[in-house]
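A.B. asks: Turn this into a model:
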Amino acid sequence: MKNNYDPIAENYDWLSKLMFRQSLVISQVCLLPHIPYGSNILIAGGGTGWILEEIAKVHPSGLSITYVELSEKMIFLAKKWNVGKNQVVFVNKAIEDYHSSQKFDIIFTAFLFDNFRFKKVETVFQHLNHLLKNNGKWLFADFYMDEKSKYWHRLLLKSMLFFFRIICKIEARNLIPVEPFFNENGFEEIFSRSQYQGFIKSLIYVKTEKS
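C.D. replies: Down below sits the predicted model:
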């Protein structure tokens, strides 16, 4: 199965910290203070679930969280974290196969889109856009490349994509920029922060009425 992290689930967190230390963690935790109390949250591709405990440190209660993750082993690990009194529903599906009649106040995607080729990026983006309420927030963290990116960033990205393509059968052959999708669909950027000398970027977008 493509884009499935089952083969590496138990080792994913320590491997990421070995490579990036706390940068991946900081890139996501810095987004959490922007979650309003009482929010209905969709987490797409949440991985091992440590983010649930970090969310509970900000809001120990009052949140309704839907946690969608393709890897069954990641779901198993995610269920072990302390979520406080927040309500969490775990869904073992690819995010493009998840459907709901409700709209969400918050969508959280961290290192999701770097798994996909362009067509899948477009499909998943529009699917999530449909699930987000007007004036809702999209909390986004991922790797970032542009013409100013360092040579070693490019080499590191190429190596990571090759590794995860072999181990987890990810589709991506290169990094597809997602920011143009937000711009073309009328989102307004309200927060931006970089980590790891610009290789990792955290962004928050608000879905405007014209999105």
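
A.B. asks: C-alpha from now on. contacts and neighbour counts both.
C.D. replies: Will do.

A.B. asks: Near Gly45, how many other residues are there?
C.D. replies: 24 (other CA atoms under 10 Å).

A.B. asks: quick one: contacts for it?
C.D. replies: If you count contacts by CA atoms under 8 Å, 6 or more residues apart in numbering, Gly45 has them with 67-70, 94-95, 109-110, 112.

A.B. asks: what residue ranges in this protein score low on pLDDT?
C.D. replies: Along the chain, the model assigns pLDDT under 70 to residues 210-211.

A.B. asks: contacts for the longest helix belonging to the chain?
C.D. replies: Scanning the chain for the helix with the most residues, using DSSP state H, yields helix 151-168. With CA under 8 Å, 6+ apart as the contact definition, helix 151-168 has outside contacts at 2-8, 145, 170-174, 199.

A.B. asks: Generate a ChimeraX selection restricted to the buried entries among those.
C.D. replies: Buried residues within the contacts of helix 151-168, by 16 or more other CA atoms under 10 Å, are selected in ChimeraX with:
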select :3,4,5,6,8,145,170,171,172,173,174,199
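
A.B. asks: how about the contacts of helix 151-168 in CSV, adding secondary structure and distance to Leu32?
C.D. replies: Below are the contacts of helix 151-168 laid out as CSV (DSSP: H, G, I helix; E, B strand; the rest coil; distance: CA to CA, whole Å):
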residue, secondary structure, distance to Leu32
Lys2, coil, 29
Asn3, coil, 26
Asn4, coil, 26
Tyr5, coil, 24
Asp6, helix, 26
Pro7, helix, 29
Ile8, helix, 26
Met145, coil, 24
Ile170, coil, 27
Glu171, coil, 29
Ala172, coil, 28
Arg173, coil, 30
Asn174, coil, 28
Phe199, coil, 20
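
A.B. asks: Can you show me the helices along this protein?
C.D. replies: Going by DSSP H, the chain shows helices at 12-20, 23-29, 50-58, 72-78, 118-131, 151-168, 179-184.

A.B. asks: and those as a markdown table, adding mean neighbour count?
C.D. replies: Shown next, in a markdown table, are the helices of the chain (neighbours: other CA atoms under 10 Å):
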| stretch | mean neighbour count |
| --- | --- |
| helix 12-20 | 13 |
| helix 23-29 | 19 |
| helix 50-58 | 18 |
| helix 72-78 | 19 |
| helix 118-131 | 17 |
| helix 151-168 | 15 |
| helix 179-184 | 13 |
